[in-house]
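> Below is the sequence, then the predicted model.
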Amino acid sequence: MNTMKWLIKREFWEHKGGFFWAPMIVGALISALIALPAFYFAAKGDDVQVRINGEIRSGGEAVKQFSQRMTPEQMTLVTDAAASSYMGFAGPLAGLLGFVLFFFCLNALFDERKDRSVLFWKSLPVSDTETVLSKVAMALAAAPLVTLACAIASALFSVLAVTLAASMVGVGSLSALLTTPALYYSPLLVAAMLPVFAVWALPAVGWLLMVGAWAKSKPFVWAVGVPVLVGGLIAWLNKMFALGWDTSWFWKNIVGRILLSIVPGSWFGLNTLDGSYQVGIRQTQVSMLLDKSWQQFVNPNIWIGAIAGCAMIYVAIRLRRWRDEG
């Protein structure tokens with residue numbers, strides 16, 4: 001266990017730019033792009049012209065008139081909505097994580113053969129299994145946790161800044177937001193989706209590691225080109241000979257799973273559930289997403305993909321052990 005901990009730390013240190021600095025910088029940019037316009041409008045709202053029902057008014061005046069029409073119950077609903085959905089501000093970090101993990105998994109075993117550092121690591125009393133599994137743990141657990149921490153910090157700062165700016169023009173209340181329970185449990189609900197991601201992303205992680213361990217050059221071309229070309233060939237044969245195949249199944253369940261399932265939340269687009277699994281209409285936005293995420297476990301597709309991913313990880317371990325670059 002201590003060996004695995006140090007192997008994971010090694011992966012983090014070697015890829016700190018992608019796993020730490022990238023989400024930190026992107027999170028800070030998101031916060032700045034949200035907070036600065038909000039404070040600018042709060043300070044200079046009267047100088048901003050808006051058109052309402054054909055009539056031109058100052059932005060500050062329009063906001064004040066709108067806030068005066070709102071009842072206390074409506075203000076409470078707005079505050080609750082902001083507290084339960086503010087994690088959406090950090091949505092771009094999910095796409096960033098998928099991008100970073102794609103190239104990390106693809107190059108993790110390829111680069112060490114390319115620069116011959118694999119010879120040094122093989123001289124240490126660390127097995128190939130431990131080395132490969134540390135990369136899997138980095139991709140499925142450690143890196144998502146670091147990105148989640150950056151996402152929480154960015155989203156929390158953004159919603160507090162927007163609420164403070166809104167309160168400056170008479171809309172909303174920072175104290176009301178801070179006393180809303182959803183503000184505190186929304187990050188926990190997002191964190192509860194991480195086990196779904198860990199299982200869902202196994203086919204992509206396994207495929208990319210296996211290709212990286214096998215390819216002698218241009219692993220990206222092999223990893224992306226092979227499934228895309230096979231999908232194109234199947235579509236061409238289906239059209240040419242009128243075979244009646246459902247080619248969308250291959251693109252969604254094979255190509256999509258081994259290339260896109262490494263992006264958090266991709267299960268919403270690549271996997272579907274029948275109507276018998278519905279969420280409650282009174283749930284918040286984040287809790288609805290959590291329920292829909294965990295419902296993926298009732299679909300056999302996620303487990304079939306996980307088994308295939310584990311098999312490919314095993315092949316990657318064997319390739320690392322026996323691959324001859326001489």
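The structure has been received and is ready for your questions.

> Please determine how far Arg298 is located from Ala149.
Rather than Arg, residue 298 is Val. Between Val298 and Ala149 the distance is 30 Å, computed by Cβ to Cβ, to the nearest Å. Placement of C-beta: from N, CA and C, glycine included.

> no wait, Ser248
Separation of Ser248 from Ala149 (Cβ to Cβ): 37 Å.

> These two: who's more crowded?
Ala149 (16 against 11; other Cβ atoms under 10 Å).

> In which helix or strand does that one reside?
Ala149 is part of helix 143-168 when elements are defined by DSSP states H and E.

> Check Val230 too.
If you go by DSSP H and E, Val230 is part of helix 219-241.

> Just name the shakiest helix or strand of the chain by mean pLDDT.
When the helices and strands of the chain are scored by mean pLDDT, DSSP states H and E, strand 49-52 comes last with a mean of 52.

> hmm, back to that, report all helices and strands that the helix holding Val230 contacts.
helix 91-108, helix 202-214, helix 247-250, helix 256-260 (3 or more Cβ pairs under 8 Å, 6 or more residues apart in numbering; DSSP states H and E).

> In a markdown table, list those helices along with distance to Ile234 and mean pLDDT.
As requested, the helices and strands packed on helix 219-241 are exported to a markdown table (distance: least, Cβ to Cβ, whole Å; pLDDT from 0 to 100):
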| stretch | distance to Ile234 | mean pLDDT |
| --- | --- | --- |
| helix 91-108 | 24 | 96 |
| helix 202-214 | 18 | 97 |
| helix 247-250 | 6 | 92 |
| helix 256-260 | 14 | 95 |
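
> In JSON lines: these, plus distance to Trp21.
Formatted as JSON lines, the helices and strands packed on helix 219-241 follow (distance: least, Cβ to Cβ, whole Å):
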{"stretch": "helix 91-108", "distance to Trp21": "11"}
{"stretch": "helix 202-214", "distance to Trp21": "22"}
{"stretch": "helix 247-250", "distance to Trp21": "38"}
{"stretch": "helix 256-260", "distance to Trp21": "25"}
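
> winner for burial among the ones you listed?
Of all those, helix 202-214 has the most neighbours on average by mean count of other Cβ atoms under 10 Å, namely a mean of 26.

> Low-confidence ranges, the stretch 101-250 of the chain, go.
In the predicted model of the stretch 101-250 of the chain, residues 118-122, 170, 172 satisfy pLDDT under 70.

> Repeat the analysis, applying 50 as the threshold.
Judged against pLDDT under 50, the stretch 101-250 of the chain has no low-scoring part.

> and the helix holding Val230, which residues are buried?
By neighbour count, and taking 16 or more other Cβ atoms under 10 Å as the criterion, the buried residues in helix 219-241 are Pro219, Phe220, Trp222, Ala223, Val224, Pro227, Gly231, Ile234.

> coming back round to it: after the helix holding Ala149 comes which helix or strand?
Following helix 143-168 in sequence, per DSSP H and E, is helix 174-178.

> residues in contact with that following helix?
By Cβ atoms under 8 Å, 6 or more residues apart in numbering, the list of residues contacting helix 174-178 from outside reads Met75, Thr76, Thr79, Ala82, Ala83, Val159, Leu160, Thr163, Leu164, Ser167, Leu183.

> Which residue, other than its chain neighbours, is closest to the third one?
Leaving aside its sequence neighbours, Thr79 sits nearest to Ala176 (Cβ to Cβ, 6 or more residues apart in numbering; 4.8 Å).

> What is the neighbour count of Asn17?
Just so we're on the same page, residue 17 is Gly rather than Asn. So Gly17, with other Cβ under 10 Å, has 10 neighbours.

> Can you give me the separation between it and Leu202?
Taken as Cβ to Cβ, the span from Gly17 to Leu202 is 25 Å.

> Going through the contacts of helix 174-178, which ones are buried?
Taking 16+ other Cβ under 10 Å as the criterion, what is buried in the contacts of helix 174-178 is Thr79, Ala82, Ala83, Val159, Leu160, Thr163, Leu164, Ser167, Leu183.

> can you tell me which residues contact the residue nearest in space to the middle of the chain?
Within the chain, one residue has its C-alpha closest to the average C-alpha position: by Cα atoms, centre = their mean, that is Ala94, at 2.6 Å. By Cβ under 8 Å, 6+ apart, the contact set of Ala94 is Thr147, Ala151, Val263, Pro264, Gly265.
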